[in-house]
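1. Predicted model follows, preceded by the sequence.
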Amino acid sequence: MLAATAGAEVESKSAEQWLDESNARTELPRMGWCAGLADVLAATYAGDLHTDTSGIVRRREGQGRRVRAALVGLLASGGYIAVPRAGRRGPVTVTPDGVTAHRWCTAAPDLLHADCRTAYWARVRVHHTGRTSKQTARDQARRLTPLPNGVEEKRRRAAQMRQVEQWAKEMEATRERLAAEQAEWEAQAEQARAAEWARSEQEAEERQVVVDDRRDDGLVMSQHGPQEIVMGQGKRRVTVKQVSPSSWNAVVRGAVYMVSKEGGEDGLWLVIAPDGTRIGVCSVTNDAPYAGSVRDIVRDHADAMECGETLPEWTPSVAAATPEETGEDRPAATDGGCAGQGAQEPEPFGPGLADADRTVTAAEPGAWAGCCTATRPHLSPSRGHLGAPG
């Protein structure tokens, strides 16, 4: 029974040695190790290396022989040994990868290079492939590669994967941020284009309003002309329509203004607001309201109402007193035409309210020439508004 157990152990050890030698034959040439590295690793495995507070590694604790710091640094860079932190003293320990590498070096010592320089250039040749430059290979050769499929290599791969995942998250966040900035820029550009288009449309409408106003100035309403006239666009749109021979309507912004004739045949055409306020007298052509005058009056009143302003109500002006009204006798006219006017003041005459907007021609009876032939002269049409024609 004991012999069988001992035989099994021998076979197991032989199998482990064979496996270590096989792995050493495969991996050691690519690892680029020298005999000095294997010697320092063996001392660490035996527990003979210690470090003091100054960071110096010695063969034994205290005043033992110093170990080359370059060899210790190489083994630590590959994760084969663990050195205490700077400023602390303690033993240098071997890692699980260091234990495996020690077995490989023991199983195939003939694969170790004689010196560190030869091992360095062997590592340079391994790293210098078609994808890396020679300088990059030299930089990589100054450190030992981790044990293939060892603990350190797995740790580094996991760290690289975490770094790649973090990089991917950052890239996704950057992509989303750039997409949001692009969308915001496009929205601002679209708003700017819309504002520019609206501004151009408004300018075009304003220019069209000016053109319409100029065209509307030539429109005249009469019994022989159009019975409905539309002037302007939008808020400036004014529609004037005949209701009866002596009454017209003017509609602006939904409000209806009345244009009616007061005072009989020779009366004035008054513009009356929706609340019944008389707001002005319009011009007259061919015994009908002048469209441009009505338009201007109602637009001004509508603009004032929209701004909260109050316009004074139109009131008729007081005509100058005549001799018949004062009870004085009118002096008789002499054959000399104007003789005798030096002794008396001339008769005051002027436009009466009943004659305010009539057109007088030379052939019309009652037209005057000079200063004494007519008693009630007529006036030519006026385009004024918001007050009695003067």
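-> Alright, I've got the coordinates.
2. tell me the SS of the residue most central in space within the chain?
-> Within the chain, one residue has its C-alpha closest to the average C-alpha position: by C-alpha atoms, centre = their mean, that is Q188, at 3.1 Å. Going by DSSP: H, G, I helix; E, B strand; the rest coil, the secondary structure assigned to Q188 is helix.
3. any idea how far A198 is from it?
-> Summarising the geometry, the distance separating Q188 from A198, computed by C-beta to C-beta, to the nearest Å, is 15 Å. (Each C-beta comes from the backbone N, C-alpha and C, glycine too.)
4. And C105, by the same measure?
-> C105 sits at a distance of 83 Å from A198 (criterion: C-beta to C-beta).
5. same check, this time on E228
-> E228 sits 32 Å away from A198, going by C-beta to C-beta.
6. Could you do C307 as well?
-> If you measure C307 against A198 using C-beta to C-beta, the figure is 23 Å.
7. Look at those two and report which has more neighbours.
-> Regarding C307 and A198, a neighbour count based on other C-beta atoms under 10 Å identifies A198 as having more, with 10 against 7.
8. Which strand or helix spans that one?
-> Secondary structure assignment for A198, by DSSP states H and E: helix 151-216.
9. just how off-centre is that helix within its chain?
-> Chain-centre distance of helix 151-216: 8 Å, with C-alpha atoms, centre = their mean, to the nearest Å.
10. counting contacts, what elements does that helix pack onto?
-> With contacts taken as 3 or more C-beta pairs under 8 Å, 6 or more residues apart in numbering; DSSP states H and E, helix 151-216 sits against helix 96-107, strand 228-231, helix 291-306.
11. One more pass at 7 Å, please.
-> Contacts of helix 151-216 with other secondary structure elements, assessed using 3 or more C-beta pairs under 7 Å, 6 or more residues apart in numbering; DSSP states H and E, are made with helix 96-107, helix 291-306.
12. so G150 sits right up against V99, yeah?
-> No: taking C-beta atoms under 7 Å as the contact criterion, G150 and V99 are not neighbours in contact, 10.1 Å apart.
13. How many neighbouring residues does the residue nearest to K261 when sequence neighbours are not counted have?
-> Residue nearest to K261 in three dimensions, not counting chain neighbours: S246, with 4.3 Å by C-beta to C-beta, 6 or more residues apart in numbering. The criterion is other C-beta under 10 Å. On that basis, S246 has 16 neighbouring residues.
14. Please apply the same query to T93.
-> One way to gauge burial is a neighbour count; for T93, by other C-beta under 10 Å, it gives 14.
15. Tell me the bridge partners for it.
-> Counting by DSSP bridges, T93 is bridged to A82.
16. ranges for the strands of this protein?
-> Listed in chain order, the strands of the chain (DSSP state E) span residues 50-51, 57-58, 81-82, 90-91, 93-94, 228-231, 238-244, 247-252, 255-262, 268-272, 278-281, 284-285, 288-289.
17. Tell me the pLDDT of R155.
-> Per-residue confidence (pLDDT) for R155: 94.
18. Tell me which residues touch the closest residue to A42 other than its chain neighbours, please.
-> Among residues not flanking A42 along the chain, H102 sits closest, at 6.2 Å (C-beta to C-beta, 6+ apart). Contacts were defined as C-beta atoms under 7 Å, 6 or more residues apart in numbering; by that measure H102 touches 41-42, 45.
19. Relative to Q202, how far out is A194?
-> Using C-beta to C-beta, A194 is found at 12 Å from Q202.
20. can you check E181 too?
-> When C-beta to C-beta is applied, the distance between E181 and Q202 equals 31 Å.
21. Can you pull out the low-pLDDT segments for the stretch 251-390 of the chain?
-> Along the stretch 251-390 of the chain, segments meeting pLDDT under 70 span 317-390.
22. Can you pull the phi/psi pair for G55?
-> G55 adopts backbone torsions of phi 90, psi 10, taken as degrees, to the nearest 10.
23. Do I have it right that it meets A86?
-> Yes: taking contact to mean C-beta under 7 Å, the distance of 5.5 Å between G55 and A86 places them in contact.
24. Looking at those two, which one has more neighbours?
-> When neighbours are counted by other C-beta under 10 Å, G55 and A86 differ, and G55 comes out ahead with 15 against 9.
25. Next one: that one from A101, what distance?
-> Between G55 and A101 the distance is 23 Å, computed by C-beta to C-beta.
26. residue contacts, I81?
-> Contacts of I81 were listed using C-beta under 7 Å, 6+ apart, and they are 41, 44, 75, 92-95, 98.
27. Buried subset of those, written for PyMOL?
-> For the buried members of these, the matching PyMOL selection, counting by 16 or more other C-beta atoms under 10 Å, is:
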select buried, resi 41+44+75+92+94+95+98
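28. so how far is stretch 99-114 off the chain centroid?
-> Distance, centroid of stretch 99-114 to centroid of chain: 69 Å (C-alpha atoms, centre = their mean).
29. which parts of it are buried?
-> Across stretch 99-114, burial judged by 16+ other C-beta under 10 Å covers 100-108, 111-113.
30. Dump those into TSV; add pLDDT as well.
-> As requested, these are exported to TSV (pLDDT from 0 to 100):
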residue	pLDDT
T100	93
A101	93
H102	93
R103	93
W104	93
C105	93
T106	91
A107	90
A108	90
L111	91
L112	92
H113	93
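31. Which of those residues sits closest to W18?
-> Nearest to W18 among these, counting by C-beta to C-beta, is A107 at 8.7 Å.
32. Isn't that closest one up against E21?
-> Yes: with contacts counted by C-beta under 7 Å, A107 reaches E21, the gap being 4.1 Å.
33. Show me the domain layout of the chain.
-> Described in terms of automatic domain parsing, the domain architecture of the chain consists of the residue ranges 2-149, 156-216, 221-320+368-390.
34. returning to what we had before: the helix holding A198 to helix 291-306, inter-axis angle?
-> For helix 151-216 against helix 291-306, the angle between stretch directions is 140 degrees (axes from the mean of the first three to the mean of the last three C-alpha atoms, to 10 degrees).
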